[in-house]
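This is the structure alone, sequence omitted:
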């Protein structure tokens, strides 16, 4: 869920992400991991955006991950093999506060090889950084704030100023999902406009905190086959709804976790 929402934000608001992470509003487009190598590559938390001169590699993490340093070095070499002329900026963004030493590691070292990358712990970042750009608003509640509920109210106020209704609804829905990492669902429902959220193309992916945790725990523990089938059918229904909203096949696949082939088949069967 959180990987998908962060991917949606990064790929929808590329200029805002570039301004924050690269220091300038670079025009970025998506780069598929398949372009880097025919060998298997972990893609669930991986976001690659590129311009003519630079590639921005992002990974959003909710939990500490000891494999991050190696993965960052691995991706850097893969990108160099494919695009030796381009520079690369790699950033790991941790969403939830933890004392784990893993979230402070910013380099991979083995023998004489050393590779460095950037690490951002959102809970250490000033809230103002995220309130100045529409695409960064969903991250504000995870920043260094003394009162997360008050910050969420400020985010809601900023979202209400967005003129584009579709963007407004998508920002509200994305904010609701990420706020679920640090706030209770009743607080989120009280502060964010439910009517606006329901108009979002990703609204069907938003669940109450209990349902989210139940699905995640069920997946981790190994759901019974009947439940797995039910979830798959639910994803397909969400995909049909998103097709009706005009969302692209690739975007639907990223948001729902369905394969592009399955979404394409649904599109062929879809009757508006």
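Looks like it came in fine. Remember, it's a predicted structure, so these values are computed and weren't measured experimentally. Numbers count the residues shown, from 1 in each chain.

pLDDT below threshold where in the stretch 101-250 of the chain?
The model of the stretch 101-250 of the chain has pLDDT under 70 over residues 196-231.

name the helices or strands packed onto the stretch of helix or strand residue 157 belongs to?
Secondary-structure assignment from DSSP states H and E places residue 157 in helix 148-160. Counting contacts by 3 or more C-beta pairs under 8 Å, 6 or more residues apart in numbering; DSSP states H and E, the secondary-structure elements packed against helix 148-160 are helix 128-131, helix 165-179, helix 185-191. To be clear about C-beta, it is placed using only N, CA and C from the backbone, and glycine gets the same treatment.

Taking their axis directions, that helix and helix 165-179 sit at what angle?
Inter-element angle recorded for helix 148-160 and helix 165-179: 170 degrees (by axes from the mean of the first three to the mean of the last three C-alpha atoms, to 10 degrees).

Buried residues of helix 148-160, list them for me.
Neighbour counts using 16 or more other C-beta atoms under 10 Å place 148, 149, 151, 152, 153, 154, 155, 156, 158, 159 of helix 148-160 among the buried residues.

got it, and stretch 259-266?
Using 16+ other C-beta under 10 Å as the test for burial, stretch 259-266 gives 262, 263, 266.

cool, and stretch 160-172?
Across stretch 160-172, burial judged by 16+ other C-beta under 10 Å covers 162, 167, 168, 169, 170, 171, 172.

go on, stretch 125-133?
For stretch 125-133, the buried set under the neighbour-count rule, 16+ other C-beta under 10 Å, comprises 125, 127, 130, 131, 133.

where along the chain do the helices fall?
Under the criterion DSSP state H, the chain contains helices at 2-12, 14-22, 68-82, 128-131, 148-160, 165-179, 185-191, 194-197, 209-221, 225-244, 249-256, 260-269.

and of those, who's closest to residue 103?
Shortest distance between residue 103 and the helices of the chain, using C-beta to C-beta, is found for helix 68-82: 8.9 Å.

tell me the mean pLDDT for the closest one?
The predicted model assigns helix 68-82 a mean pLDDT of 93.

same deal with stretch 258-272?
Rounded to a whole number, the mean pLDDT of stretch 258-272 is 80.

can you give me how far that stretch is from the chain middle?
Shown here is stretch 258-272, whose average C-alpha point lies 23 Å from the average C-alpha point of the whole chain (C-alpha atoms, centre = their mean, to the nearest Å).

Surely residue 8 touches residue 171?
No: taking contacts as C-beta atoms under 8 Å, residue 8 lies outside contact range of residue 171: 10.5 Å.

what is in contact with those two at once?
Counting by C-beta atoms under 8 Å, 6 or more residues apart in numbering, residue 8 and residue 171 have no shared contacts at all.

tell me which residues in stretch 100-110 are buried?
102, 103, 105, 108.

Grab the two from those that are most spread out in space.
Comparing every pair within the buried residues of stretch 100-110 by C-beta to C-beta identifies 103 and 108 as the most remote, at 15.1 Å.

Out of the buried residues of stretch 125-133, which is nearest to residue 91?
Sorting these by how near they are to residue 91, with C-beta to C-beta, puts residue 125 at the top with 12.1 Å.

The residue lying closest to the closest one once chain neighbours are set aside: how many residues sit nearby?
Counting by C-beta to C-beta, 6 or more residues apart in numbering, residue 143 is the residue found nearest to residue 125 once chain neighbours are left out, at 4.8 Å. Neighbours of residue 143 under the rule other C-beta atoms under 10 Å: 20.

Which one of the helices of the chain lies nearest to residue 98?
helix 68-82 (13.2 Å).
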